[in-house]
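>>> Sequence first, predicted coordinates after that:
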Amino acid sequence: MPFAHTQADGSYPLLESLFNALPDSVFLIDPDTSRIVYCNRAAWAGLGYDGPGDLLDHSVLSLQKDVIGPEQWRSIAAEIRSRSPYIFIGRHRHRQGWELPVEVYTSCFSFKGQDYFLSVARDITNRTQLERELSARDTQLRFALNEASDGLWDWEIASNEVFFSPQLKRMLGYGPEELEASFSSWSDNIHPDDADWVRAVLEDHLGGQRERYEAEYRLRNRNGHYLWVHDRGRVCERDADGRPLRVVGMVQNVTDRKNLELRLHKLASHDSLTGLLNRRESEIILNTQIRLCERLGLPLGICLFDLDNFKMINDVYGHLRGDQVLTSVSQLFSQHIRSADYLFRWGGEEFLLVCVDTSLEQLWQRVEQLRVLLASQSWDFLPDTASVTASFGIAVFPHHGNNARDLFIAADAALYHAKSGGRNRVVGACSSGSSITP
């Protein structure tokens, strides 16, 4: 150092020892000439030299890959003087010729009337390599997020902000900047029939009752249409007390699969001619409704009915007209029963009606209205002289049976009495097994 031996108490040699102990390179530079007047061990060793003498009195420009010529040096020197410390990323030239990326902090100070630049250069080879790797991974991640068939979301719970990936926005019909990054952008667009249970599943996961969040529900897109989505996610960050801070998940558009499932279910559960629920489905629903009414202490009514003289309609007018009768009766009755009631095609010309929370008297009144409605109908596809009527047998849980089998037996016996008693009438079952007309 130019002033290393001027201090009697030896503090400057101590300072030099401290500089040599530093892992970063230290250069003392004459700002006017760009000459190196001092460098520590890390400076000369890091560049592959044998000692400080290999660098002292050489221009610092000889080490730089990015600063060329005295004109550029004067510009940099002026900037260092105006805003110290001056920080930049550069490249030092190693003795072997390869480049060493460095981050340089340079300050200006004066000593005995002479200005000096003190530069501390840190080797950032590892950091630069890591940044390149992170940049490559970021590029790969952005590509994956943009091209993946599934959409990604990332929810910061404290701020209620949600990141929606480009693919998720496209899935829902939004442009890159159109969907607000908020929790409500998701929650407000869940189908009303799904919203409560989906939120409950999410809350269970946040509270630790579920290992992960997973739900299949309907989500409204930008055009107001609902898509079926398979949504799954997991808490990926919690605070010291275990409270969730962040949740990440993926959304898959399963509309095509779900529509196919619904079509297949309809084929399996509905009669292909009339569109009514079929006999197989009636057994499932009736047992479910009986258990529900048993828990709630409610009555449940069933009605078996059969179209009168249907074979004659087929024989006289043909099976095409017979099919039209079945379809028309199904549509007529479907329009005149409650939304909570179930109408099934039991088989052939026989049908089943299930009415929850309905007493025997209420059931008889409703079925009688249907009987009169049917008998008074005229049909465009049949002659004016032709009429369609039906016979009805009714039974009520638990009065006529406490299970589906016993109710069927009671209602079927009542139907037999309705047909044998002259047809086009309603007959109710008795608890003794016989039948009466209420």
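Cool, the structure landed. Note that the structure is predicted; figures quoted are calculated from it, not measured.

>>> Can you show me the strands along the stretch 251-400 of the chain?
Ranges of strands within the stretch 251-400 of the chain are 300-307, 342-347, 350-356, 390-397, based on DSSP state E, counting those that start in this stretch.

>>> Buried deepest among those, which one?
Highest mean neighbour count of the strands of the stretch 251-400 of the chain: strand 390-397, a mean of 27 (counted as mean count of other C-beta atoms under 10 Å). Just so you know, the C-beta spots here come from the backbone N, C-alpha and C atoms, and that holds for glycine as well.

>>> how far out from the middle of the chain is the helix or strand following that one?
Using DSSP states H and E, the helix or strand that follows strand 390-397 towards the C-terminus is helix 404-420. Computed by C-alpha atoms, centre = their mean, to the nearest Å, the chain-centroid distance of helix 404-420 equals 50 Å.

>>> Each with direction, which strands does the helix or strand that helix 404-420 is followed by pair with?
Sequence-wise, the next helix or strand downstream of helix 404-420 (DSSP H and E) is strand 426-429. According to DSSP bridges, strand 426-429 forms sheet pairs with strand 390-397 (parallel), strand 435-436 (antiparallel).

>>> lowest-confidence stretch among the ones you listed?
Comparing mean pLDDT across those, the lowest value falls on strand 435-436: a mean of 46.

>>> quick one on the thing from earlier: could you dump the strands of the stretch 251-400 of the chain to JSON lines with distance to residue 319?
Conversion of the strands of the stretch 251-400 of the chain to JSON lines gives the following (distance: least, C-beta to C-beta, whole Å):
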{"stretch": "strand 300-307", "distance to residue 319": "14"}
{"stretch": "strand 342-347", "distance to residue 319": "16"}
{"stretch": "strand 350-356", "distance to residue 319": "17"}
{"stretch": "strand 390-397", "distance to residue 319": "19"}
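
>>> Could you list the domains of the chain?
11-123, 148-258, 270-436 (automatic domain parsing).

>>> out of those, nearest to residue 136?
Evaluated over those, closeness to residue 136 peaks at domain 11-123, with 16.9 Å, by C-beta to C-beta.

>>> so how far is that closest one off the chain centroid?
Distance, centroid of domain 11-123 to centroid of chain: 55 Å (C-alpha atoms, centre = their mean).

>>> hang on, isn't residue 304 packed against residue 390?
No: contact criterion C-beta atoms under 8 Å: residue 304 and residue 390 do not qualify, at 10.3 Å.

>>> what ranges do the strands span in the stretch 51-200 of the chain?
Using DSSP E, counting those that start in this stretch, strands in the stretch 51-200 of the chain cover 86-93, 99-111, 114-123, 151-156, 161-164.

>>> what about those strands, which gets the closest to residue 385?
strand 151-156 (63.7 Å).

>>> Other residues contacting that closest one?
With contact meaning C-beta atoms under 8 Å, 6 or more residues apart in numbering, strand 151-156 is reached by 145, 161-165, 167-172, 183, 186, 233, 245-252.

>>> Show me just the buried residues among those residues.
145, 162, 164-165, 167-169, 171-172, 183, 186, 233, 247, 249-252 (16 or more other C-beta atoms under 10 Å).

>>> Give the other helices and strands that the helix or strand encompassing residue 247 contacts.
Using DSSP H and E, residue 247 maps to strand 244-253. Applying 3 or more C-beta pairs under 8 Å, 6 or more residues apart in numbering; DSSP states H and E, we find strand 244-253 packed against strand 151-156, helix 166-171, helix 192-206, strand 213-220, strand 226-238.

>>> ok, now with 6 Å
Using 3 or more C-beta pairs under 6 Å, 6 or more residues apart in numbering; DSSP states H and E, the elements in contact with strand 244-253 are strand 151-156, strand 226-238.

>>> Format the ones you listed as TSV; extra columns: distance to residue 274 and mean pLDDT.
Formatted as TSV, the helices and strands packed on strand 244-253 follow (distance: least, C-beta to C-beta, whole Å; pLDDT from 0 to 100):
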stretch	distance to residue 274	mean pLDDT
strand 151-156	41	92
strand 226-238	27	94
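
>>> Out of these, which one sits most buried?
strand 151-156 (a mean of 19).

>>> now that one and strand 244-253, what's the angle there?
160 degrees (axes from the mean of the first three to the mean of the last three C-alpha atoms, to 10 degrees).
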